[in-house]
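# Sequence and computational prediction follow.
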Amino acid sequence: MPDLSPQVKVCGTTSVHDAVLSAQAGADALGFIFAPVSKRLVSPDVAREAGLSVGPAVARVGVFLDQGLNEVLRTAEAARVSAVQLHGSLSETFVRTVADFYPVLRVVRPDELPAAGMRWQDVPGVTLMLDAPQPGGGVPLDWDRLRQTFPPGTWLAGGLGPWNVAEAIRVLRPAGVDAVSHLEARPGVKDLAKVTAFIAAVRASTP
Ligand SMILES: O=C(O)c1ccccc1NCC(=O)[C@H](O)[C@H](O)COP(=O)(O)O
């Protein structure tokens, strides 16, 4: 039987300890936030060490919000990430240029659908992620209202936690899920029990 459960990204990793913890719990991807506004800001050096500590089977995603092209590419290179997640008001050219270097998770808000789905479908190297208007805010989206516009192959974020992720998967069938707020003991520090329960709930889900 193929595994039909979505990929799991644990975002906001700020230490080698938490990277290992999430990888051992079964995360497919770790997010490293390089947006200075974030409470989970991490340096490229720590992200690189954390990435090395989990090995190549776990994707390392550099997360950016409205930052310049030079900053994105230089930081991604310094941190040795394997993919880049782009939040904010960015031109199509900007996103396509980053996608020439890294697989891109392009983050969009609910009000940008269905247009964003049509714009990015079939663009090589770009995958959509639907997130709440406030990234890292822990507020879930209204999945039922999104049923009609949620594009196939899109990732889902926004207020996901161990108790609600199975329902989100059942309703929208995302290709991947991503969370941070509800997996933490405090901002930037993971809670092992929450991370483990979240990944178990995803693996047990039937889309
Ligand atoms: O989490 C942050 O602090 C953050 C700040 C600026 C840009 C992006 C940020 N997080 C990106 C993520 O991938 C989060 O996991 C995603 O927004 C979901 O967050 P949450 O609703 O807290 O699970």
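In hand now; what should we look at?

# Now do the SS call for Glu160.
Just to correct that, residue 160 is Leu rather than Glu. Of the three states, Leu160 takes coil under DSSP: H, G, I helix; E, B strand; the rest coil.

# I'd like the distance between it and Ala204.
15 Å (Cβ to Cβ, to the nearest Å). Bear in mind the C-beta positions are built from the backbone N, C-alpha and C, glycine included.

# More neighbours: which of the two?
Taking other Cβ atoms under 10 Å, Leu160 and Ala204 do not tie; Leu160 has more neighbours (27 against 11).

# Which pLDDT value belongs to the residue lying closest to that one once chain neighbours are set aside?
Distances taken as Cβ to Cβ, 6 or more residues apart in numbering put Ala179 closest to Leu160, at 4.2 Å, once the chain neighbours are dropped. Note on Ala179: pLDDT of 98.

# For the spatially most central residue of the chain, list the residues it contacts.
With distances taken as Cα atoms, centre = their mean, Asp178 lies nearest the centre of the chain, 4.5 Å away. Shown in contact with Asp178 (Cβ atoms under 8 Å, 6 or more residues apart in numbering): 8-11, 29, 31, 129, 131, 155-157, 160.

# Out of those, which are close to the ligand?
Here is what survives when the contacts of Asp178 are matched to the ligand using Cβ under 6 Å from any ligand atom: 11, 31, 131, 157, 160.

# from the residues you listed, which two are the most distant?
Using Cβ to Cβ, the pair of the ones next to the ligand among the contacts of Asp178 lying farthest apart is Gly31 and Leu160, separated by 12.9 Å.

# sec struct for the closest residue to the ligand within the chain, please.
For the chain and the ligand, the shortest gap (Cβ to the nearest ligand atom) falls at Gly136, measuring 2.1 Å. Secondary structure, three-state DSSP: Gly136 is coil.

# residues touching the closest residue to Val171 other than its chain neighbours, list them.
Distance criterion Cβ to Cβ, 6+ apart; nearest residue to Val171, sequence neighbours excluded, is Trp143 at 4.2 Å. Taking Cβ under 8 Å, 6+ apart, we find Trp143 in contact with 167-168, 171-172.

# Can you tell me which of those residues is closest to Leu86?
Leu172 (21.0 Å).

# The helix or strand bottoming out on mean pLDDT in the chain - contacts with which helices or strands?
Least confident element among the helices and strands of the chain, by mean pLDDT, DSSP states H and E: helix 115-120 (a mean of 93). The contact analysis (3 or more Cβ pairs under 8 Å, 6 or more residues apart in numbering; DSSP states H and E) places helix 115-120 against strand 104-108, strand 126-130.

# Could you identify the helix or strand that succeeds the last one?
Proceeding C-terminally, strand 126-130 gives way to helix 143-146 as the next helix or strand, assigned by DSSP states H and E.

# Please consider this matter closed, and thank you.
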